[in-house]
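**Student:** Make a model of this:
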Amino acid sequence: MGGKLCAEQQDCHQERARLFFNFLRISPSYTAASLYVKPRRLPKKMSLDNRQVLDCFAKYGSVLNYSFTAWFEGHKNQLMDSFPPVIEIIKGKDRFFVCDDDVLLKLSANQDPPSIAQLVNALSQIWPNTQIRQIHGQVLKGTKLKNMWKDLLLIYTMALNPHIELWRAGAMAMLVDRFIGSLDPLAAKHKSGDDHMRRHMTLMVMRHKESALNISEQAALGGFPEPQPVKNFQTRFDFEDENFATRLFSLGSQELDCARERVFQLTGFSH
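**Tutor:** Numbering: from 1, shown residues only. You can find the predicted model right below:
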């Protein structure tokens, strides 16, 4: 079972890295940092946030000129330092390396791996609830994971279709599970019976667009995944700028295709 858990942990780490890579790709501030000609000394009046973005770019480099695979291979060490595994897996033979103040969760090798809920419940017996909630919030799973991929799919879709109506972009990005297959993004503008879905989808587009901006700007500061707005940044996605799409798709549509595939998988719909 240890091998299976290790493999799952590695898959989760790689998916987290790919999400981080994609949110850096769409971040207005990170893009600005990539275009910034850094002088020998930074201006004294440069804000702390801007310095953090430049430091983040110095650490993770360009995300628009490389495929995810190439970027991931070149930044494995930095990513491991930034996203350390919450749980270290050891085997019975390693018991002599356990310290007196370590806390162990004993799992039988003959049982199926525990669920996230079971692990959280076990940990809640050891640590205060506040700490458990913090750990639980760092786990990318379920609705949180699905919505992050939907955020990305929406931004990629709108970058390719900057003049499309918001509800159509939302339908193409599959933002509302129950509307998939019901709300046709190519339907006639005045098709009767879709008014409620279109209004609701427009609101969801605005919500997901804001979420994507917040997460991407926090990623540019080195914090990921953080959904809170960055107070000192007044940025937006400039879909009217043709260079926005050109930059995102200069190497093709691999990340758009990846986001779409993950949304299909996480919503449970086939295509």
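**Student:** quick one: the helices in this structure?
**Tutor:** 2-26, 28-35, 48-60, 68-74, 76-82, 116-124, 129-138, 142-160, 166-172, 195-220, 242-248, 254-267 (DSSP state H).
**Student:** Which one, of these, ends up nearest to residue 178?
**Tutor:** Residue 178 lies closest to helix 195-220 among the helices of the chain, at 9.1 Å (Cβ to Cβ). Glycine gets a C-beta too; all of them are placed from N, C-alpha and C.
**Student:** so where's this protein uncertain?
**Tutor:** For the chain, residues meeting the criterion pLDDT under 70 lie at 1-11, 37-43, 80-103, 116-117, 120, 123-141, 232, 270-271.
**Student:** ok, 90 please
**Tutor:** Within the chain, the ranges that satisfy pLDDT under 90 run 1-16, 34-52, 74-145, 181, 186-195, 222-236, 238, 240-242, 268-271.
**Student:** domains for it, by residue range?
**Tutor:** 2-82, 92-138, 142-267 (automatic domain parsing).
**Student:** Columns mean neighbour count and distance to residue 228 on top of the helices of the chain, output as TSV?
**Tutor:** TSV is the format used below for the helices of the chain (neighbours: other Cβ atoms under 10 Å; distance: least, Cβ to Cβ, whole Å):
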stretch	mean neighbour count	distance to residue 228
helix 2-26	17	14
helix 28-35	19	15
helix 48-60	17	13
helix 68-74	14	26
helix 76-82	13	18
helix 116-124	14	23
helix 129-138	12	12
helix 142-160	22	14
helix 166-172	24	23
helix 195-220	19	6
helix 242-248	15	24
helix 254-267	18	22
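**Student:** Any chance of CSV for these, columns distance to residue 231?
**Tutor:** Formatted as CSV, the helices of the chain follow (distance: least, Cβ to Cβ, whole Å):
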stretch, distance to residue 231
helix 2-26, 18
helix 28-35, 13
helix 48-60, 9
helix 68-74, 29
helix 76-82, 23
helix 116-124, 31
helix 129-138, 20
helix 142-160, 20
helix 166-172, 26
helix 195-220, 10
helix 242-248, 24
helix 254-267, 28
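**Student:** Tell me which of those helices lies nearest to residue 110.
**Tutor:** helix 2-26 (11.8 Å).
**Student:** Nearest residue to residue 105 in space, ignoring adjacent ones along the chain?
**Tutor:** residue 122 (5.6 Å; Cβ to Cβ, 6 or more residues apart in numbering).
**Student:** of all the helices of the chain, which lies closest to residue 179?
**Tutor:** Of all the helices of the chain, helix 195-220 comes closest under Cβ to Cβ, at 5.5 Å.
**Student:** From residue 69, how far off is the residue lying closest to residue 226 once chain neighbours are set aside?
**Tutor:** Nearest residue to residue 226, sequence neighbours excluded (Cβ to Cβ, 6+ apart): residue 218, at 3.8 Å. Separation of residue 218 from residue 69 (Cβ to Cβ, to the nearest Å): 25 Å.
**Student:** Could you do residue 212 as well?
**Tutor:** From residue 212 to residue 69 the distance is 23 Å (Cβ to Cβ).
**Student:** Repeat that for residue 158.
**Tutor:** Look at residue 158 and residue 69: by Cβ to Cβ, they are 26 Å apart.
**Student:** and residue 240, what does it touch?
**Tutor:** By Cβ atoms under 8 Å, 6 or more residues apart in numbering, residue 240 lies in contact with residue 162.
**Student:** got the phi/psi numbers for it?
**Tutor:** phi -70, psi -20 (degrees, to the nearest 10).
**Student:** Could you do residue 174 as well?
**Tutor:** Main-chain dihedrals, residue 174, degrees, to the nearest 10: phi 60, psi 50.
**Student:** Does it touch residue 266 like I think?
**Tutor:** No. Judged on Cβ atoms under 8 Å, residue 174 makes no contact with residue 266 at a distance of 9.7 Å.
**Student:** Disregarding flanking residues, what is the spatial nearest neighbour of residue 250?
**Tutor:** residue 64 (6.4 Å).
**Student:** pretty sure residue 245 contacts residue 163?
**Tutor:** No. With contact defined as Cβ under 8 Å, residue 245 does not count as touching residue 163 (11.8 Å).
**Student:** Many thanks, we can stop here.
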